[in-house]
Structure formats: structure tokens, C-alpha cells
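Enquirer: I'll drop the sequence and a predicted model, then ask my questions.
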Amino acid sequence: MKHLVRTSKNLGHAIRQARKAKNLTQKELASMSGVWQETISKIENGSGGTKLETVFDLIAALELEITVNERSKGTSDGLEDIF
């Protein structure tokens with residue numbers, strides 16, 4: 001699974017898709033990651049202001065990793081429809 005993430009909304013979408021792919025509820029992910037379910041809901045809905053460490057806790061619990069690349073010329077608009 002690959003996602004282009006340029007905004008907090010894109011990141012939330014990617015985390016939601018990864019959680020659902022593993023058939024986890026937000027409550028189950030909260031238990032696995034040590035992150036409150038309410039915080040997971042906010043992240044998945046694209047709310048900004050989340051601590052980076054919290055994002056990494058979720059990424060680790062979902063067995064994901066982040067790769068940083070130079071920005072491509074394309075836009076991320078409409079990519080959510082593809083995934």
C-alpha cells in the first residue's frame with residue numbers, strides 16, 4: 001500500500017486505510033499504540049496539530065514506515081479517490 005501524503009488530511013486517510021486493511025477498530029489500534037481513540041479519530045479526519053511522536057506510535061503499531069522523497073510535480077488533489 002502506497003499513499004502520497006502532503007497534508008494532515010492525506011496522512012489521516014492513509015492511517016485509516018492501513019487500519020481498515022488490518023481489520024482493526026480505532027479502539028483496537030488505540031490499545032496497540034497507546035494513543036487515545038479520540039486522537040486517532042481526529043488524525044483520521046485530518047485534524048492538524050498532532051505530535052509527531054503520536055504519528056510514529058500509530059505508524060509503528062500499523063507496521064508501516066515513512067519514506068521522504070523530493071516533491072513531485074503532480075498534485076495530491078484527487079488521489080484519495082484512487083485509494
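Expert: Thanks, I have it.
Enquirer: I figured Gly12 hits Gly46, correct?
Expert: Yes: at 4.4 Å, Gly12 counts as touching Gly46 under the criterion of C-beta atoms under 8 Å. Glycine gets a C-beta too; all of them are placed from N, C-alpha and C.
Enquirer: neighbour-wise, which of these two wins?
Expert: Taking other C-beta atoms under 10 Å, Gly12 and Gly46 do not tie; Gly12 has more neighbours (21 against 14).
Enquirer: what strand or helix carries the more buried one?
Expert: If you go by DSSP states H and E, Gly12 is part of helix 8-21.
Enquirer: could I have the CA atoms of that helix written out in PDB?
Expert: Provided in PDB are the C-alpha atoms of helix 8-21 (Å, rounded to 0.1, in the frame of the first residue of the first chain):
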ATOM      1  CA  SER A   8      -2.700  16.100   7.500                       C
ATOM      2  CA  LYS A   9      -5.900  15.000   5.700                       C
ATOM      3  CA  ASN A  10      -3.800  12.800   3.400                       C
ATOM      4  CA  LEU A  11      -2.000  11.300   6.400                       C
ATOM      5  CA  GLY A  12      -5.300  10.600   8.200                       C
ATOM      6  CA  HIS A  13      -6.600   8.900   5.100                       C
ATOM      7  CA  ALA A  14      -3.500   6.700   4.800                       C
ATOM      8  CA  ILE A  15      -3.700   5.700   8.500                       C
ATOM      9  CA  ARG A  16      -7.400   4.900   8.200                       C
ATOM     10  CA  GLN A  17      -6.800   2.800   5.100                       C
ATOM     11  CA  ALA A  18      -4.000   0.900   6.900                       C
ATOM     12  CA  ARG A  19      -6.100   0.300  10.000                       C
ATOM     13  CA  LYS A  20      -9.000  -0.900   7.900                       C
ATOM     14  CA  ALA A  21      -6.800  -3.200   5.900                       C
END
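Enquirer: pLDDT weak spots in this protein?
Expert: Applying pLDDT under 70 to the chain flags residues 74-83.
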